[in-house]
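**Student:** Return a 3D structure for these sequence lines:
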Amino acid sequence: MKFSEISPVAGFTVLVSFLSLLCGNAFAVSRAYEWSISASSTDAYVNVQDVPPGLPTNLYLWLGCSTREGATGLAAEFELTDQLLFLSYTPAFIITDPVPGYFPFPICVEPLTIVGTLLVLNLGAGGTATLVESSANGLNATADCDAVPQLWPNAIRGFATPGFTPDIVDDCGGTVSVEETGWGGVKSLYR
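**Tutor:** Sure thing, here's the model as predicted:
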């Protein structure tokens, strides 16, 4: 992304829009958006797969599911662990990012859409990739498509190579019960 292509007026408009998101009705209780880092460009939920050592490999950032109409932006950053090295991120849409830690979308993105491609390198033993709070703004949230956008905490399905466990934070729409007996116990067996 080239910051030189952003006019001062456009950059100011995006910054003001982003700040009004922060001041809005931010962080409702449920996780209305789920993001998935997948090894597949056709399936959002290939969250565990081998990445050949020494070869740059694409992973895909998907908007997996949503209890809202769609998303207009993502505030987060990538975190890779162990011997999985982040090389680059390429957005799927032609956008500019004048606000560090925030990826705006030029349209209202609907679920099961790839929003970008991560290029990673396995240095040998593999590792994990996930979304975490942005160091620029402390957020791990998604802006909805309302006329006055609100931020919603993200549910996440991270990526892992074999031998590692992908980061999974909730399912889209809320917290899953994990009590030992009853339906929550059954659900916890599959998490």
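**Student:** is it true that residue 47 touches residue 34?
**Tutor:** No: here residue 47 does not reach residue 34: they are 11.5 Å apart, not a contact under Cβ atoms under 8 Å. Just so you know, the C-beta spots here come from the backbone N, C-alpha and C atoms, and that holds for glycine as well.
**Student:** can you tell me which residues contact the residue nearest in space to the middle of the chain?
**Tutor:** Centroid check for the chain by Cα atoms, centre = their mean gives residue 35 as the closest residue, at 4.4 Å. By Cβ atoms under 8 Å, 6 or more residues apart in numbering, residue 35 lies in contact with 61-64, 74, 76, 131, 142, 154-157.
**Student:** Just give me the least confident of those.
**Tutor:** Lowest model confidence among the contacts of residue 35 falls on residue 64, which carries 88.
**Student:** What distance do you get for it to residue 111?
**Tutor:** 7 Å (Cβ to Cβ, to the nearest Å).
**Student:** circling back: could you look up the next helix or strand downstream of the helix or strand harbouring the residue nearest to the centre of the chain?
**Tutor:** Assigned by DSSP states H and E, residue 35 belongs to strand 33-38. Following strand 33-38 in sequence order, the next helix or strand is strand 57-66 (DSSP H and E).
**Student:** Run through who's touching that next one.
**Tutor:** 32-41, 44-45, 51, 70-71, 89, 109-122, 129, 155, 157, 159, 171-173.
**Student:** Show me what the next helix or strand after that strand is packed up against.
**Tutor:** Using DSSP H and E, the helix or strand that directly follows strand 57-66 along the chain is strand 71-75. Packing partners of strand 71-75 (3 or more Cβ pairs under 8 Å, 6 or more residues apart in numbering; DSSP states H and E): strand 102-109, strand 141-144.
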